[in-house]
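Asker: below: sequence and its predicted model.
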Amino acid sequence: MASLCRHFLLLLLLILAPGKLAKVAEDATEAEALLELKAAVSDPSAALSAWNSDDGVGHCSWPGVACDPLQGSVVSLDLSGFNLSGTLSPAVGRLRHLLNLSVASNSLSGPIPADLSRLADLRQLNLSDNLLNGSFPSALALLKNLLVLDLYNNNLTGPLPAEVAELPNLRHLHLGGNFFTGIIPPEFGRWEFLEYLAVSGNDLGGPIPPELGNLTRLRQLYVGYFNSFEGGIPPEIGSLAALVRLDMANCGLTGTIPPELRNLQNLDTLFLQVNGLAGDIPSALGRLRSLKSMDISNNALTGEIPSTFADLQNLTLLNLFRNKLQGSIPECVGDLPALEVLQLWENNFTGGIPQRLGKNGRLQLLDISSNKLTGNLPPDLCSGNRLHTLIVLRNFLFGPIPETLGRCESLGRIRMGQNYLNASIPDALFSLPKLSQIELEDNLLAGWFPDTGNAAISPDLGLINLSNNRLSGPLPPSIGKYSRVQKLLLNQNQFSGRIPPETGRLQELCKLDLSENRFSGPIAPEISRCKLLAFVDLSRNEISGEIPSEIAGMRILNYLNLSRNQLEGSIPPSLATMQSLTAVDFSYNNLSGLVSGTGQFSYFNASSFVGNPGLCGPYLGPCSSAIKGTGSPHAWGSLSASFKVLVVAGPLICSIAFAIAAIIKALSLKKASEARAWKFTAFQRLDFTCHDVLDCLKEENVIGKGGAGVVYKGVMPNGEQLAVKRLPAMSRGSPHDHGFSAEIQTLGRIRHHFEAHVADFGLAKFLRDSGTSECMSAVAGSYGYIAPEYAYTLKVDEKSDVYSFGVVLLELVTGKKPVGELGDGVDIVQWVRETTDSKKEGVLEILDPRLPRVPLDEAMHIFYVAMLCVEEQSVERPTMREVVQILMDLPKGHGCDAPIKEVKEQQQQQQAAENSPPPDLLSI
C-alpha cells in the first residue's frame, strides 16, 4: 500500500510541476557545459577551483558565473583575466540564455567555436587579448541581437569578415590587432547604430571605402597601424558628424588632408601621423573647436601653420614634427590656453619662438629641435612648474638660458645643444630635483662649471653634455655628488686645473670625455674606482705624471685615449691584460720603456704609441741597452770567482730542472687530453670536425677583433665558409666567460633555418627571458654596434638590438665600418649625423659609391629608417616590428626613383649651368 502511495505522489508531481523538473534538467545541462569548458582549459592560478559539481551550492555561485535572479539561468560568463590557457570549448554554446560572454585577457588558443552562434540572445561577446587563430566563423552572423563584438589582439587570419555587416544591432566592433587581410568591405557602411569601429593593426590594403561616411552614429574610428591602404582619406569621412576620435595613423595614406574634415565638430582626437600626406594643412581644421589632440607628424606636409589654429582653444597636444613645414610659428600658438605638448621638430620653421609660450601654466613638453629658429628662449616656459621636457637643439637660438628654468622643479630633460646660446649656465639648473639629462653642447656658453655646493642632486641625472663651449676654470669638488651620472662630456672647452679626485665617486659613470681642455697635473688614480667606465678620453690636455697602474682594474674599459699630453714614465704592463680594451691611444707624450706585445696590446698597431721617442717594442723598434738593463762590465769584474761559477752554472741547473718539469707536464697533458676530448656543440648536421675549425685559427684569417675575442674566417674541406670566434684565455674554472656560454645556450634555442644572419645582437629578449645575466661586461663586435645606454646600464633589451640594426643599415648605405675609418673616437653614427644633419635628403653625401644604380628614394628610405633606429634615447627608437613595417612601406609617388648615378649627373649639370656665364657674356 505504501509503495502504491509513493507512485501516486510521483505521478502527481509530474502532472503538477513539469516546469520545475525541466528547470532541474536545464540546470544540470548548464553545469555540465561549464565543467566541460573548465576541462578544456589549463588553470594554473586555480581561478576555477570552485567549479565543482559536488560542492552543493550550485553553479550560479561559481566565480565568473551570473544567473538571472528570477529564472536562475546563466546569463553572464566573465572569465576575463583568469590566466587561462587551452581552448574555448564548444560546450559554451549550450548556455542558451547567455547575454554576456567575456574571456578577455587570457591565453586561449585554437579557433573560435562556431557553436557560439547558438546563443541567440547574446548581447556582448569579448574574446580580446588571447591567442585565438583561424578565420572568422561565418555562423556568428546569426547573432542578430549582438551589440558588442570584440576580437582585438588575437591571431585571426583570412579576409576581414564581411559577414559581420549582417549583425544589424551592432554598436561596438573591434577586429584590430589580428592578421586579417584584404580590404575593408563596403558593407561596413550599413550599420545604423554602430558607434565604435576598429580594424587597425592588421594587414589590410586597398582604398578606404567612402561608404564608411554613412555611419552617422559613429563616435570612434580606428583604421591605422600596419595596414597599408591605397589612396587618401575619403572626403566622406567628413560626414561622420558624431565622430569624437579619428585614428588613421601609419597606414600608407597619400594625397592631401580633405577640408571636409572641418565638419567633425565633435572631434577631440585627430591622428594622421606616419603617412605620406602632402600639401598644405587645411586652414579649415581651425574650425574643429572641440579638438584636444592633433598629430599629423611624419608626413610630407608643406606650407605654414594656419593662423586659424588660434581658434583651437581646447587643444592640448599639437604634433607637426617631421614634415616640410616652413614660415614662422604663429604667435597664436603661444597663446593657446590649454596647450600641454608642442612638437614641431625636423621642419624648416624660421623666425622666433612665440614669447608667450608657456605662459598658460600648462606646458609639459616642448620639442622644436632641428629647425632654423632664431632669437631668445621665452622666459615663461615653466610658469606653471609642469614642464618636464625641453628640447630646442639644432637651431640658431642665441642669448642666455633663462634664469626661470633654474626654478623649474618639474624639469627632467634639457636638450639645447647646437645653438648660439651664450652667457653662463644658471647654477640652480644643475640642482633641479627631477633632472635626468642636460645637453648644452655646441653653444657659446662661458663661465665655470656650475658649483651646486651643498644642494641635493637629482638621483635621476644620468647625462651631462657641455662639450664645445667656452667654459673655463677648474671643476668643483661638488662634481663628486653626481653619483648617478653615466655620461660626463666636457670636451672642447677651456677647463683647467687638476681633474678632481672626487670624480672617483661617480660609481655609475660609463663615458668620460675631458679631451681638448687645459687640465694639468697627474691623472687622479681615484678614477679607477669608476668600475663601469667603458670610455675614457683625456687627450689634448696638459696632463703630466705617470699613467696610474690602477686603471688596469677597470674591467669593462673599452676605449682609452691619453694622447697629446705630457705623460711620463712607462706604460703599466698590467694594461695589456685588460681583455675589454678595443682601442687605446698613448701617442704624443713623453712615455718611455718597453711596450708589451702580448695580451690585448697584440691587437694594436704603432699608431697608438707614436710620438713617444722613448718607447720601444714589437712595432716601435728595438729597445736600447739601457732599457734592456744589460748591466755594467766593472761590476762583473769585481765579483769573486766562485760567485761567477755560481752565476754561470745556476741558469744551467735551472734549465735542466725546467726541462724535466716540462717533460713531466707534457706527459700529464697528453694523458689528460686523451681522456678529455674537445666539447663540440653542434646545432645541425655538419660535414666538418673541430680539428678542421682549429686549423683556421691563423693570423692571416683574422676578420675581426673585439673585447670578447678574435673572429677568424674559416673554409672547411667541403668548401663551406664560416666565422670562428676565439675567446681570450681565461683561468680554469673562471665563472666569467664574457657571456659566451649564455650565447651558445641561446643560439641552441634559436631556429635560424641555417641562413646567414648578422651576429652579436638580437639576443636580448632570449637572454632576458632565459634568466641568463642581462648584464655583460663585454660585447662581441664591440664599440661600433653598442647602443649608448648599454655601456652604463650593462643591460640589453629590444631597443638595444634596434640600435645595432640601425648601425648595420648605415653600413649598408655608406659602405663604411662602424669604427676605425672616420677619425679618432668617431663612430659611424656620429659621422653620419654630422655629415647629413640627420636629414634623409643628405644621403647623397654619405652613400657608398658602389651603389650607382640604386633608386634614390630607396636609399633615402633605408637611411631614414636607420636614423630612427640609432636615436640617442632608446624610448625614441621604434620597435623591431615597426622597423619592418616602415621598411616595407616605401613612400610612393615622390618622383625620386631615378638611380643615384643619374641624380648626381643631373645635379652636376645643374650646378655647372648655375656657374656658367649668361648667354650675353658668351657672345663677347
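Answerer: That came through, no problem.

Asker: now do the helices in the stretch 301-450 of the chain.
Answerer: 331-334 (DSSP state H, counting those that start in this stretch).

Asker: how about the strands in it?
Answerer: Chain-ordered strands for the stretch 301-450 of the chain, with DSSP state E, counting those that start in this stretch as the definition, fall at 317-319, 326-328, 341-343, 348-350, 365-367, 374-375, 389-391, 396-399, 413-415, 420-421, 437-439.

Asker: ok, now the stretch 501-650 of the chain?
Answerer: With DSSP E, counting those that start in this stretch as the definition, the stretch 501-650 of the chain shows strands at residue ranges 511-513, 518-521, 535-537, 542-546, 559-561, 566-569, 583-585, 590-594, 614-616.

Asker: list the buried residues in the second one.
Answerer: By neighbour count, with 16 or more other C-beta atoms under 10 Å as the criterion, the buried positions of strand 518-521 are R518, F519, S520. The way it works is simple: take the backbone N, C-alpha and C, and place the C-beta from them, glycine included.

Asker: separation between the second one and L490?
Answerer: Here F519 is placed at a distance of 9 Å from L490 (C-beta to C-beta, to the nearest Å).

Asker: same question, the last one
Answerer: Computed with C-beta to C-beta, the distance linking S520 and L490 is 15 Å.

Asker: quick one on the thing from earlier: which one, of the strands of the stretch 501-650 of the chain, ends up nearest to R498?
Answerer: Distances from R498 to each of those were compared using C-beta to C-beta; the minimum, 3.9 Å, belongs to strand 518-521.

Asker: which strands or helices does the closest one pack on?
Answerer: When contacts are defined as 3 or more C-beta pairs under 8 Å, 6 or more residues apart in numbering; DSSP states H and E, strand 518-521 sits against strand 494-497, strand 542-546.

Asker: about what we covered before: a markdown table for the strands of the stretch 501-650 of the chain, including distance to L357?
Answerer: Formatted as a markdown table, the strands of the stretch 501-650 of the chain follow (distance: least, C-beta to C-beta, whole Å):
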| stretch | distance to L357 |
| --- | --- |
| strand 511-513 | 33 |
| strand 518-521 | 39 |
| strand 535-537 | 37 |
| strand 542-546 | 44 |
| strand 559-561 | 41 |
| strand 566-569 | 49 |
| strand 583-585 | 44 |
| strand 590-594 | 55 |
| strand 614-616 | 58 |
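
Asker: now those strands in CSV, with mean pLDDT and distance to N52?
Answerer: Formatted as CSV, the strands of the stretch 501-650 of the chain follow (pLDDT from 0 to 100; distance: least, C-beta to C-beta, whole Å):
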stretch, mean pLDDT, distance to N52
strand 511-513, 93, 61
strand 518-521, 96, 77
strand 535-537, 93, 63
strand 542-546, 95, 78
strand 559-561, 93, 65
strand 566-569, 95, 80
strand 583-585, 90, 68
strand 590-594, 93, 81
strand 614-616, 90, 83
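
Asker: out of those, which is closest to W51?
Answerer: Comparing the strands of the stretch 501-650 of the chain by their distance to W51 (C-beta to C-beta), the top pick is strand 511-513, with 57.7 Å.

Asker: walk me through which strands the closest one pairs with, and which way each runs.
Answerer: strand 487-489 (parallel), strand 535-537 (parallel) (DSSP bridges).

Asker: and of these, who's closest to K840?
Answerer: Proximity to K840, assessed across the strands paired with strand 511-513 by C-beta to C-beta, is greatest for strand 487-489 (26.9 Å).

Asker: contacts for that closest one next, please.
Answerer: The set of residues that contact strand 487-489 without belonging to it, under C-beta atoms under 8 Å, 6 or more residues apart in numbering, is 441, 462-467, 482, 506, 509-513, 788, 792.

Asker: pLDDT of stretch 868-880, averaged?
Answerer: Looking at stretch 868-880 alone, the average pLDDT works out to 82.

Asker: okay, buried residues for that stretch please.
Answerer: L868, C869, V870, E871, E872, S874, R877, P878, M880.

Asker: and if you look at stretch 561-569?
Answerer: So stretch 561-569, judged by 16+ other C-beta under 10 Å, has buried residues N561, L562, S563, R564, N565, L567, E568.

Asker: what is the end-to-end distance of that stretch?
Answerer: Separation of the first and last residues of stretch 561-569 by C-alpha to C-alpha, to the nearest Å is 17 Å.

Asker: biggest separation within the buried residues of stretch 868-880, which pair?
Answerer: E872 and M880 (18.4 Å).

Asker: quick one: T835 from T598, how far?
Answerer: Plainly put, T835 is 39 Å away from T598 if you go by C-beta to C-beta.

Asker: show me the shaky parts of the chain.
Answerer: Counting by pLDDT under 70, the low-confidence segments of the chain come to 1-28, 55-56, 625-687, 704-709, 727-753, 755-784, 789-796, 820, 823-825, 890-924.

Asker: so which residue is smack in the middle of it?
Answerer: Relative to the mean C-alpha position of the chain, the nearest C-alpha, by C-alpha atoms, centre = their mean, is the one of K799, at 2.5 Å.

Asker: in three-state terms, label that residue for me.
Answerer: Using DSSP: H, G, I helix; E, B strand; the rest coil, the three-state assignment for K799 comes out as helix.

Asker: got it, and the one 10 residues further on?
Answerer: Per three-state DSSP, the secondary structure class of L809 is helix.

Asker: thought it was touching I862?
Answerer: Yes. When contacts are counted by C-beta atoms under 8 Å, L809 is listed as touching I862 (5.8 Å).

Asker: rewinding a little: any chance of the buried residues of stretch 868-880 in CSV, plus secondary structure and distance to Y619?
Answerer: Supplementary listing: the buried residues of stretch 868-880 in CSV, determined by DSSP: H, G, I helix; E, B strand; the rest coil; distance: C-beta to C-beta, whole Å:
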residue, secondary structure, distance to Y619
L868, helix, 42
C869, helix, 37
V870, coil, 34
E871, coil, 39
E872, coil, 36
S874, helix, 39
R877, coil, 40
P878, coil, 44
M880, helix, 42
